[in-house]
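*Asks:* The following block contains a protein sequence and its predicted model.
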Amino acid sequence: MQLFLEQLLNGAAMGAIYALITLGLALVYGVLRILHVAHAGVYAAGAYAGLYLYSLTGSLFLAVAGAMVLCSLLGVAIERLIYTPLLKYPPFVPLIGSIAVFLALEEIFRLVGGPYILSFPAELPFSGITLRGVVISPAILSIYVVSGVVLLLLWFIVTKTELGLAMRATSQDRDVAGAMGINTSLVISMTFVLGSAVAAVAGILVGIYFNQVYPTMGAVPAYKCLALIVVGGLGSLPGAVLASLLLGVGETLLIGYANIPLPRDSLAFIAMIAVLLWRPGGLLGNR
Amino acid sequence: MSDYSITILSFIAIQAMVACGLNVIVGYAGQISLGHAAFFGIGAYASALLTTKGGLTFWMALPLVILITASIGLVLGMPSLRLREDFLAITTIGINFIVESIFLYVPFFGGALGIGGIPSIYFFGTRLRGANFLYLCLFFLALTLLISRRFTKSWAGLACFALREEETAASSMGVSPVRFKLVAFVIGTAMAGLGGALYAHQMRFISATDFGFPLSVMMLSMVVLGGMGTLWGPVLGALILGVLPELFRPLVDYRMLLNAAILLLMIRFQPGGLLGEESFLRHLFSRRRREAHHG
Amino acid sequence: MDNLLLRLEGVSKHFGGLKAVDQVSFSLSPGEILGLIGPNGAGKTTCFNLISGVYTPTLGKIFFEGASTGGFPPHRMAALGVGRTFQVVKPFTSLSVLQNVMVALGLSRYRGVFASFARWETEAVRRQGLSLLEEVGIAHLADMPSGKLPLGNQRCLELARALALEPKLLLLDETFSGLRHEEISLLSRLVEQVRRKGIAVLLIEHNMKVAMGLSDRLVVLDHGRLLAQGSAEEVRSNPQVIEAYLGKGASSHAS
């Protein structure tokens, strides 16, 4: 029972991280209808930037803040230089561009940071706690706390602020939103800022939790999170979070605990196919 | 020509064949497929298994290989091609991952060790190696190009062009979107299967990781680079992306980055590819022709 | 049961809570020109989409030549004899004008998988295509890239494509909007020609003069519901119609 609970908590932690990455994807898809595969590159960049800044300053806070800023810049650069000019073409054109950016980023990480797995030994501000015999490590606790705060902030921005309203309007109908006086190009850039900053946080959390930062760390999330936005319902933010949590828990329990002989990473795609067959709109989709 | 160059050229010819298949799907019918490597793999494994465990020769196995690959393409395509573009892209990525997983984990396919000892191809008693094998590949490449060209001249091809441009208008003219997308998909995957079979017999040993998602991206890059929807585009793309790594041998560490950079530049500034409508190559040549006229 | 070409019976289309078309019934006889009019958002294009198969009716039935066709996909409706043009023109931009028409000429080939492997660029098909382009007056533009045509010619091309299907019913969606006088006259004459061939026409038009001039009868929609139907005279003097277009109180002014 104890093992089950621990695995459950591990799974939920993974789910929280998936949620952080997937939300960025869902936000970008919402406003631009583009599958932002390069987002996983931004996520990995966050891990590298965080590691670098931490080794430079020794302060985790500065590392996270700095990484968020850098990744926001990266995200907006991708949007301005690649996506926006390609919007007039059929959707697979920006998709190919996104894949190319992702591949280039992976290579840059390899060339600059080395092909080795780097470790991220960080002094976490939390110490582990033990609840009824279930051990929660500092890393897991940090994930819960940080992702909880970030998700709350994001929820607040999207639902309670003018920017959030503008974002939702733009994702419903870009032209109409523009006609209503919304500066859609600014809104789009802000969407990338938010999504990328959140991805940076996810990258750092993963880097610390697994103590691994390596060039291809974005490869699996790149495609897994795409499957997750489909499962959650393209364009649905709560759906993205729900799908992420379910997958995180599902992966850990089904494969780590129940030892079902399926490759861990294919579960997301299997879930996606199941959803497409049974409920094409996704779990919480409304399109 | 050295043995090594011949091997590389054979490899490029095979890739060109598979890229032609992808071009039928992406270029002619306008459907995104990011899982084409899976069908390349299905063809390779089918031929490998039929010739090792099945005891057939390459030639006996070939029609079966194409049939198997095309059938799987049909089965997977039917539900997938009904999906909207975004879903289709993700679904094809999923297909790639799942097929690769099946090759990797199901013992029948040799698991992580793959399948080895794949026999050579014999043609009337002569073992086809080196230059002879290259001629075989070129023969099949020519066949593939002929089929592609014939496709563009058929009503099915015209229907696909119409679907690519304006699906709603095309369907209101009697073109069933699912049916014709499926036709293109089956043709494209069959071509990939053919290439896969040749690949298996060239390498004599295959494993699941040869057919992963990065290869699908590479193939799409070839089609994009050369020119989506043109006849020779995929061949040109395969040639360039096959030769570049050899030219850049000293820069071998930067090879992947250069590939990605080229793809990025192409898609950003010339999405139609080198042989496409607005390509700078065309402008270059048309300007030269005009100057020659006036001169 | 009837010799009506098209019959809508209590047809509704709901999009979530929005009733784009609400219990609409009307019919069309062979060779008739029926005008579908109404203010913006009345549900006219939705009706077209329901008839041509783009949408499936939420409620009600659609009968074409006596057979129920609600839910049939667009390519099937085309095969049954329904041709349409689009409000926002949809040419196959990478194809030439002639090739655009030739796509529609393949209707019989698209039905069989193997029939569709035959060559399409034959002399016979070219001639057919050119004669259709002649009918609508753009044969001289046959080899031009279709995306580069001015609007008036684009509309003619849409018409030619629909006619290539040898339809029994032609749906014209705002074919006259945005055109100059001469173009409107030309197209009006073409529509009359079409009717003389025995093809029934259902047209959506905002231009009242054109709609009332061409149509034998009119059907007025407002907010998805059928407001009135009848001759131009009847519809013009119907107080509800006047209100729908000009707002409340206008009908008392008009009378």
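*Replies:* Nice, I can see it.

*Asks:* just the helices in chain C please.
*Replies:* C:44-52, C:74-80, C:97-105, C:123-136, C:151-164, C:181-196, C:208-214, C:232-236, C:239-246, C:250-254 (DSSP state H).

*Asks:* tell me the most buried of those?
*Replies:* Among these, helix C:97-105 has the highest mean neighbour count (mean count of other CB atoms under 10 Å in any protein chain shown), at a mean of 26. In short, each C-beta sits where N, CA and C put it, glycine included.

*Asks:* Contacts only, for C:Tyr55.
*Replies:* With contact set as CB atoms under 8 Å, 6 or more residues apart in numbering or on different chains, C:Tyr55 has these partners: C:13, C:46, C:49.

*Asks:* Low-confidence bits of chain B, can you list those?
*Replies:* Applying pLDDT under 70 to chain B flags the ranges B:286-295.

*Asks:* Could you pick out the residues of it near chain A for me?
*Replies:* Contact residues (CB under 8 Å from any CB of the partner chain) of chain B with chain A: B:26, B:30, B:32, B:79, B:83, B:85-87, B:89-91, B:93-94, B:97-98, B:101, B:104-105, B:213, B:217, B:220-221, B:224, B:253-254, B:256-257, B:259-261, B:263-264, B:267-268, B:271.

*Asks:* List buried residues within the residues you listed.
*Replies:* Using 16 or more other CB atoms under 10 Å in any protein chain shown as the burial test, the residues of chain B next to chain A include B:26, B:30, B:32, B:83, B:85-87, B:89-91, B:93-94, B:97-98, B:101, B:104, B:213, B:217, B:220-221, B:224, B:256-257, B:259-261, B:263-264, B:267-268, B:271 as buried.

*Asks:* Now, the residues of chain B next to chain A that are in helices?
*Replies:* Those of the residues of chain B next to chain A mapping onto helices are B:79, B:85-87, B:89-91, B:93-94, B:97-98, B:101, B:104-105, B:213, B:217, B:220-221, B:224, B:256-257, B:259-261, B:263-264, B:267-268, per DSSP H.

*Asks:* Checking my notes, A:Phe4 in a strand, right?
*Replies:* No - secondary structure of A:Phe4 (DSSP: H, G, I helix; E, B strand; the rest coil): helix, not part of a strand.

*Asks:* Please work out how many residues are found near it.
*Replies:* Neighbourhood size, A:Phe4 [other CB atoms under 10 Å in any protein chain shown]: 11.

*Asks:* State the number of residues packed around the nearest residue to C:Phe92 once chain neighbours are set aside.
*Replies:* Nearest-residue entry for C:Phe92: B:Glu165, 4.1 Å, with adjacent residues in sequence omitted and distances by CB to CB, 6 or more residues apart in numbering or on different chains. Neighbour count of B:Glu165, defined by other CB under 10 Å: 21.

*Asks:* I'd assumed C:Leu95 was in contact with B:Glu165.
*Replies:* Yes - judged on CB atoms under 8 Å, B:Glu165 makes contact with C:Leu95 at a distance of 7.2 Å.

*Asks:* can you list the residues of the stretch 1-150 of chain C near chain B?
*Replies:* Contact residues, the stretch 1-150 of chain C versus chain B (CB under 8 Å from any CB): C:52-54, C:73-75, C:77-79, C:83-84, C:86, C:90-95, C:99, C:102-104, C:106-107, C:109-111, C:113, C:115-121.

*Asks:* on that earlier part again, between the helices of chain C, which gets nearest to B:Glu278?
*Replies:* Closest to B:Glu278 of these, according to CB to CB: helix C:97-105, at 19.5 Å.

*Asks:* ok, residues contacting the closest one?
*Replies:* With CB under 8 Å, 6+ apart as the criterion, helix C:97-105 contacts B:158-159, B:161-162, B:170, B:173-175, C:83, C:91-92, C:95, C:120-121, C:125-126, C:128-130, C:132-133, C:138, C:141-146, C:149, C:157, C:160-162, C:164-165.

*Asks:* low pLDDT regions in the stretch 101-250 of chain C?
*Replies:* Ranges of the stretch 101-250 of chain C meeting pLDDT under 70: C:247-250.

*Asks:* OK, now which residue of it is nearest to chain A?
*Replies:* Distances between the stretch 101-250 of chain C and chain A by CB to the nearest CB are smallest at C:Gly147, namely 13.2 Å.

*Asks:* you'd agree that residue is up against C:Ser96?
*Replies:* No - judged on CB under 8 Å, C:Gly147 makes no contact with C:Ser96 at a distance of 9.9 Å.

*Asks:* which of those two has more neighbours?
*Replies:* Counted by other CB under 10 Å, C:Gly147 and C:Ser96 do not tie: C:Ser96 has more neighbours, with 18 against 15.

*Asks:* Would you mind measuring from that one to chain A?
*Replies:* To chain A, C:Ser96 is 21 Å away according to CB to the nearest CB, to the nearest Å.

*Asks:* how about the residue most central in space within chain C, what does it touch?
*Replies:* Note on chain C: the residue nearest the mean C-alpha position is C:Leu171, at 1.5 Å, using CA atoms, centre = their mean. Counting by CB under 8 Å, 6+ apart, C:Leu171 makes contact with C:48, C:51-52, C:82-85, C:162, C:202-203.

*Asks:* State the pLDDT value of the closest residue to it other than its chain neighbours.
*Replies:* Spatially, and ignoring its direct neighbours in sequence, C:Leu171 is nearest to C:Arg84 (3.8 Å; CB to CB, 6+ apart). At C:Arg84, the model reports a pLDDT of 93.

*Asks:* How many residues are close by C:Arg84?
*Replies:* C:Arg84, neighbours per other CB under 10 Å, totals 28.

*Asks:* Settle this for me: it is touching C:Asp173, isn't it.
*Replies:* Yes - using CB under 8 Å, C:Arg84 is in contact with C:Asp173, at 6.7 Å.

*Asks:* any common contacting residues for those two?
*Replies:* Common contact partners of C:Arg84 and C:Asp173 (CB under 8 Å, 6+ apart): C:Phe48.

*Asks:* Check which helix or strand B:Ala159 maps to.
*Replies:* Here B:Ala159, judged by DSSP states H and E, is contained in helix B:155-165.

*Asks:* And the next helix or strand past that helix?
*Replies:* Sequence-wise, the next helix or strand downstream of helix B:155-165 (DSSP H and E) is helix B:167-171.

*Asks:* So which elements touch that next one?
*Replies:* helix B:155-165, helix B:177-203, helix C:74-80 (3 or more CB pairs under 8 Å, 6 or more residues apart in numbering or on different chains; DSSP states H and E).

*Asks:* Okay, buried residues for the longest one please.
*Replies:* For helix B:177-203, the neighbour count (16+ other CB under 10 Å) marks B:177-203 as buried.

*Asks:* other SSEs contacting that helix?
*Replies:* Other elements packing on helix B:177-203 under the criterion 3+ CB pairs under 8 Å, 6+ apart are helix B:3-23, helix B:36-52, helix B:58-80, helix B:131-153, helix B:155-165, helix B:167-171.

*Asks:* Many thanks, we can stop here.
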